[in-house]
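A.B. asks: coords below, sequence missing:
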């Protein structure tokens, strides 16, 4: 889906006074809300030069990382003070520490691929700006549109419309989470927690 297609459908759903750049802000907010379960998993691969700190590319946010594998073997995450054979640790300033890798090992970082859209100022033409694509699954398009439309309606002070759209959005989110568990064949386990 391109940004132009999303904005066009958003305008048909809810006519509004905002520019394409402003609508992108509303779309990005909703994209961040739903990407945990609606984004496709993408992979960033590179060849290691040994145990050290590597910068993450600009398109890869640390909070979107789902896992790391070295030569096809998954390694666990750990804190910076912890030790172990092979592990990875995220450093807040946009770096990842890979411990236990050797020079020439292939590293795969699995992450959620639905990065927010860039702003108009980042492009030379409107055509390039509107041609941006999202890695969001097409089946979640209506969820994205409902969330963005609810925020636009609220900003236009139409609270009744906003509440209606937000209720639809929440119902679709619930159904999406339910569908995710059905696809995986299991539901999350409930844990007993003792009160102190």
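C.D. replies: Ah, there it is. Computed from a prediction, not measured in an experiment: that's the story for all the values here.
A.B. asks: In terms of secondary structure, what does the host helix or strand of residue 90 contact?
C.D. replies: Take DSSP states H and E as the rule and residue 90 turns out to sit in strand 87-91. Packed against strand 87-91 by the contact rule (3 or more CB pairs under 8 Å, 6 or more residues apart in numbering; DSSP states H and E) you find strand 95-99. To be clear about C-beta, it is placed using only N, CA and C from the backbone, and glycine gets the same treatment.
A.B. asks: Name the strands paired with the strand it packs on and say parallel or antiparallel.
C.D. replies: Using DSSP bridges, the strands paired with strand 95-99 are strand 52-55 (antiparallel), strand 87-91 (antiparallel).
A.B. asks: could I get those as a markdown table with mean pLDDT, mean neighbour count and distance to residue 66?
C.D. replies: Shown next, in a markdown table, are the strands paired with strand 95-99 (pLDDT from 0 to 100; neighbours: other CB atoms under 10 Å; distance: least, CB to CB, whole Å):
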| stretch | mean pLDDT | mean neighbour count | distance to residue 66 |
| --- | --- | --- | --- |
| strand 52-55 | 89 | 13 | 17 |
| strand 87-91 | 87 | 17 | 12 |
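A.B. asks: got these as JSON lines, with distance to residue 1 columns?
C.D. replies: Below are those laid out as JSON lines (distance: least, CB to CB, whole Å):
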{"stretch": "strand 52-55", "distance to residue 1": "30"}
{"stretch": "strand 87-91", "distance to residue 1": "29"}
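A.B. asks: Which one, of those strands, ends up nearest to residue 20?
C.D. replies: Comparing the strands paired with strand 95-99 by their distance to residue 20 (CB to CB), the top pick is strand 52-55, with 31.7 Å.
A.B. asks: Quick check: next helix or strand after the closest one?
C.D. replies: If you walk from strand 52-55 toward the C-terminus, the next helix or strand you reach (DSSP H and E) is strand 65-70.
A.B. asks: on that earlier part again, would you tell me which of the strands paired with strand 95-99 gets closest to residue 41?
C.D. replies: The closest of those to residue 41 is strand 87-91. By CB to CB, the value is 16.6 Å.
A.B. asks: Report the distance from that closest one to the chain centre.
C.D. replies: With CA atoms, centre = their mean, to the nearest Å as the basis, strand 87-91 stands 19 Å off its chain's centre.
A.B. asks: Ok, stretch 26-44 next?
C.D. replies: Here stretch 26-44 is found 3 Å from its chain centre; the criterion is CA atoms, centre = their mean.
A.B. asks: Same question for stretch 144-151.
C.D. replies: Put simply, stretch 144-151 sits 16 Å off its chain's centre (CA atoms, centre = their mean).
A.B. asks: Show me what that stretch is in contact with.
C.D. replies: 6, 9-10, 13-14, 23, 26-27, 29-31, 33-34, 38, 136, 162, 165-166, 168-169, 172 (CB atoms under 8 Å, 6 or more residues apart in numbering).
A.B. asks: so is the residue nearest the centre of the chain in a helix, a strand, or just coil?
C.D. replies: Nearest to the geometric centre of the chain sits residue 35, at 3.8 Å (CA atoms, centre = their mean). Classification of residue 35 by DSSP: H, G, I helix; E, B strand; the rest coil places it in helix.
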